[in-house]
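> With the sequence up front, the predicted model follows.
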Amino acid sequence: MGGQEHRQREDAESDWSADSWSDYASRDKPGTTLGRTVPDGNVLFPDIFHTDHLLFYERFSAYQDYILADCKASEVKRFIAEYLEKVLEPSGWQAVWRTNVFDVLVGVVNVNFPALKAVVQLSEPFLCESQDSSFTLECMQELLELKEHQILLQELFVVYDESGEFDQTALAIEHVRFFYRCIWRTWDEEEEDEFDYFVRCVEPRLRLHYDILEHRVPSGLVADYQNLLSQCEELYEKFLNVRNSISSNDSDSEAENVSMVEGLKLYDQVEHIKQRLKLIENPLLRYVFGYQKYGSLQAKGLRSTGAKVIHVVPWNMKANLLQLLTRDKLCPESCGALEIQFHRDPLAAVNACYEGDRVIICPGHYFVDGMFSIADSIELEGYGLPDDVVIEKQGKGDNFFDCTGANVKISNLKLVQHDAVEGILNVHHGKTTLENCVLQCETTGITVRTSAELLMRNSDLYGAKGAGVEIYPGSACTLLHNGIHHCKEGILVKNFLDEVYEAPRITMVNNMIHNNEGYGVVLVRPAMPSEMKDASAQETKGCTQPTQAGDETACAEGSRQEQPGCVTDELELYKRAETSEQTENNSEIANVLGATSAKKRQIHRKRLSELGFTEADDNLMSQEMFVSVDGNQFKWNGKGSFGIFFF
C-alpha cells in the first residue's frame, strides 16, 4: 500500500498529471475515450485505436505545450524522447507493425526512448498479412533478429483496449508518427537554430496540412507543393552522398574537385526549392510566388474566319423576350453579318467563345457545376437587372471565375459562390471590368493578382469570410461607386516584397465600405524591410535596429525633428490614420499609401544609382500606389476604417 500511495502522490505532484492531460484520455477515467478501427484484410487481426482523426488544435496543443515547446531543430529527437518517457507504457501492449509490404502482430516488451524504438516480439498465434507469401514465421523471426527486435514507434499501431490504460500510449505514438510523416524534413536539423523550431517550421506546416485537408488550398498548389517536396528530398539525398564522399576522401584530386563543384550545385538547387516550399507554407505569400498555374493558360484568339459571335443563353425563351432581345442586343448596324449561337447554360457559352465574342444571358437562375476560365477578351452580360440574372455555383471546386484575358468585361449579373477554395473572382492577368454586378461571396471576394488590373464600378459585394477585395503587389485596382460590406475585411492591400514588385496602383472613389468584421481597408506590409532598416540605422541617432512596433514608433518620435525625411515618418502617418474618425479617412489613407509609394521610389532611385544610372527617369517610376482616394464612406466596421498589418 505504501508504494501505491507514493506513486499516487508523485502523480498528483507531476506537471504531467491526469488533469493536465484531460484531453488525452486520463487514466483516472474508466474506459477509453478513443474510437476503434477495424483493419482491412485479415479478419483475425485485432482492432486498433483510431487516432488519425485529431483536430488541428489538438495536434497544435500537443506539439506546443507537451512535446516540442521552444526546442531547437537539433533538440527535436531528445524532446520527443523525454515526452514519450512520461506518457508511454514501456511494455504490456500489442501493436500492428505496419510497413509498405506487410502487417504483422507484435507484442511490446520494452521501449528504447532515445532511439524512438520499441523492443518487440512476435505475438502468438503468428498473424501476418502481405502481398508476398514469403513472409513466413521463420522469415519474420530472422528479420526481427537483424533489427535486434527494435522497431520504430511510428510504424506501430496500438491494439484497441477498452480499459483506457493505453490511450495515452496510442495518442503519443500517433503524434510521433504524424510528426515524422507530415512535419519533419530530413534537412531541418541542419537549419540554423536562431528561432525555436515550433514557430519556424511546425506551426506553418501544420496549418498548411489542415488547410489542405479542409480544401482551403487550390488543388494545383497542393500538387506543386508535393512535387517540390519530392524533388527536394531527392536532391538533398544526392547532396548528402556527394558531401560524404568528399569528407571521406582527404586527397586533393581532380575527382574530388569535380565532386565539390557538383555538391555546390546540388546545395544551390536544394536551397532554392526550400525557399519555394517556405513561401507556400506561409499563408501570406503562398499565392504570390507559389502558384503560377494560370501563367500557361492560352487564349484561343480570333476564329480562323475572323467572325465574331454573340452567344445567347435563354433560361426560358418566349416570343416577347426574343423580340426585345433582338431589338436591344441582336440588331446592330450590320445585322446581316451577325452570327448567333444558343447555349443551354452560361459555362457552355463561355467555353465556346473566341476573342471578341459576346455572351448574353437571359433572366433566370442558373446553377453551374464548374469553373469559368476566361482567357480571351470577351464580354459577359446579363440581360436585365443583376437580381434577375443569377449564376450560382454548385459542387466543390477551387475557383468560380478566373480571368486571364487582356480585356474581359462582366456586367449586370449576380454571382453566388459556394464551396470554393479561392475567391469568387480572380483576375490573374490582363484587365477585367466588373460593372453593375452583385457578388454574394463565401470565401474571399475578388482577388487582383500581380500584373493584373481590375475596374469595378457600381457593384455590390458582400459575405466574404476573408477580404472583399484583395489587391496584390504590382497590380492596378480601380473601385468606383461600389458597396463592400459584411466581409471579414473590406479591402486588403498587400504591399510586400519590395525588391520584386512595385506597389499596387489603387483608385478608390465614392465607395461605401461598411459593416465589415475587421477594418474597412487593411495594408499588409513588412515591419521593417532590409533597405529601410539600413537607412534608419544610418540616419537615426541612438536607435539601432528596432524589432518591435513600439520601438519603431519611439524611434520615429525621437528622430523626427532632426530627420524630417526619415523613413519612420510614415509610421506616424499609420498612427494618425488608425485613430481618426471612421467617416473621414480618405485623406489619411491617401497619405499612408502615398508615403509608402514615395519611399519605394526613393529606394528604386538608390538602386539605379548603385547600378550606375545617375539620372533615373521619373516616367518609369510615376506609377504610385496612391492614384486617387476620395469620397469614400466608412461606417460600422468592427475595428475601424483603416489598419496596418505588419509581418
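Perfect, I can see it now.
> CA only for contacts and neighbour counts going forward, please
OK.
> Please name the bridge partners of residue 157.
Here residue 157 sits in beta bridges with residue 96, going by DSSP bridges.
> Isn't it up against residue 48?
Yes - because the distance of 6.5 Å satisfies CA atoms under 8 Å, residue 157 is recorded as touching residue 48.
> Name the nearest residue to residue 163, sequence neighbours excluded.
Nearest non-adjacent residue to residue 163, counting by CA to CA, 6 or more residues apart in numbering: residue 31, 4.4 Å away.
> What pLDDT is listed against the one you found?
Residue 31 is assigned a predicted lDDT (pLDDT) of 75.
> got a list of what it touches?
Listed by CA atoms under 8 Å, 6 or more residues apart in numbering, the contact partners of residue 31 are 162, 163, 164, 165.
> Find the centremost residue of this structure, please.
Nearest residue to the geometric centre of the chain (CA atoms, centre = their mean): residue 283, 3.7 Å.
> Distance check, that residue against residue 438.
Residue 283 sits 28 Å away from residue 438, taking CA to CA, to the nearest Å as the criterion.
> you'd agree the residue nearest to residue 163 is in a strand?
No - according to DSSP: H, G, I helix; E, B strand; the rest coil, residue 31 belongs to no strand; its state is coil.
> please begin residue numbering at 26 from this point
From this message on, residue numbering opens at 26, which makes the last subject residue 56.
> so how far is residue 190 from it?
From residue 56 to residue 190 the distance is 8 Å (CA to CA).
> mind showing which ranges of the stretch 176-325 of the chain have poor pLDDT?
217-219, 272-281, 312-322 (pLDDT under 70).
> one more time with 80, if that's ok
The stretch 176-325 of the chain contains residues with pLDDT under 80 at 216-220, 240-241, 243-245, 271-284, 308-323.
> Which residue ranges of it form helices?
Residue ranges of the helices in the stretch 176-325 of the chain, as given by DSSP state H, counting those that start in this stretch, are 192-203, 222, 228-238, 244-272, 279-306, 311-314.
> For residue 156, grab the count of nearby residues.
Burial measure for residue 156: 10 neighbouring residues, criterion other CA atoms under 10 Å.
> That one against residue 127, yeah?
Yes - using CA under 8 Å, residue 156 makes contact with residue 127 at a distance of 7.2 Å.
> still on that earlier bit, please compare the contacts of residue 56 by their distance to residue 660 and name the closest.
residue 189 (54.9 Å; CA to CA).
> That closest one: what's its closest spatial neighbour, skipping adjacent residues?
In space, residue 189 is closest to residue 57, 3.8 Å off (CA to CA, 6+ apart).
> repeat for residue 200
residue 84 is the one closest to residue 200 (CA to CA, 6+ apart), at 7.3 Å.
> Ramachandran angles for residue 340?
Dihedral pair for residue 340: phi -80, psi -50, per degrees, to the nearest 10.
> In contact with it: list those residues for me.
So residue 340 contacts 369, 387, 388, 389, 390, 391 (CA under 8 Å, 6+ apart).
> So which of these are in strands?
In strands, judged by DSSP state E, the following of the contacts of residue 340 are found: 389, 390, 391.
> Derive a PyMOL selection command for the buried subset of those.
Command for PyMOL, covering only those of the ones in strands among the contacts of residue 340 found buried under the criterion 16 or more other CA atoms under 10 Å:
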select buried, resi 389+391
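> Show the low-confidence segments of the stretch 326-475 of the chain, by residue range.
In the stretch 326-475 of the chain, residues with pLDDT under 80: 340-347, 351, 355-363, 420-424, 444-447, 468.
> can you map out the helices along it?
344-353, 371-376.
> okay, those helices, which one's buried deepest?
helix 371-376 (a mean of 19; mean count of other CA atoms under 10 Å).
> and that helix, what does it pack onto?
strand 334-338, strand 383-386, strand 389-393, strand 397-399 (3 or more CA pairs under 8 Å, 6 or more residues apart in numbering; DSSP states H and E).
> Adding distance to residue 482, write those out as a markdown table.
Formatted as a markdown table, the helices and strands packed on helix 371-376 follow (distance: least, CA to CA, whole Å):
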| stretch | distance to residue 482 |
| --- | --- |
| strand 334-338 | 24 |
| strand 383-386 | 19 |
| strand 389-393 | 23 |
| strand 397-399 | 20 |
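> how about these, which one is nearest residue 264?
Checked against CA to CA, the stretch from those lying closest is strand 397-399, at 41.3 Å.
> so what secondary structure elements neighbour that closest one?
helix 371-376, strand 426-428.
> Give me the buried positions along it.
397, 398, 399.
> Report whether the expected contact of the last one with residue 431 is present.
Right, residue 399. No - Residue 399 lies out of contact with residue 431 (CA under 8 Å); the separation is 9.8 Å.
> re the thing from before, residue 213: which of the helices and strands packed on strand 397-399 is closest?
strand 426-428 (37.0 Å).
> Which neighbouring elements make contact with that closest one?
Against strand 426-428 (3+ CA pairs under 8 Å, 6+ apart) you get strand 397-399, strand 450-452.
> Just send the buried residues of strand 397-399 back as JSON lines, with distance to residue 297 too.
Listed next are the buried residues of strand 397-399 as JSON lines, based on distance: CA to CA, whole Å:
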{"residue": "397", "distance to residue 297": "34"}
{"residue": "398", "distance to residue 297": "31"}
{"residue": "399", "distance to residue 297": "32"}
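> Out of these, which is nearest to residue 209?
Nearest to residue 209 among those, with distances taken as CA to CA, is residue 398, at 37.1 Å.
> if you skip the residues just before and after it, what's nearest to that closest one?
residue 427 is the one closest to residue 398 (CA to CA, 6+ apart), at 4.9 Å.
> How much space separates the one you found from residue 448?
Counting by CA to CA - residue 427 and residue 448 are separated by 9 Å.
> okay, the two: which has more neighbours?
Neighbour count, other CA under 10 Å: between residue 427 and residue 448, residue 448 has more, with 27 against 21.
> for the more buried one, what are its contacts?
With the criterion set at CA under 8 Å, 6+ apart, residue 448 makes contact with 424, 425, 466, 467, 468, 469, 470, 471, 472.
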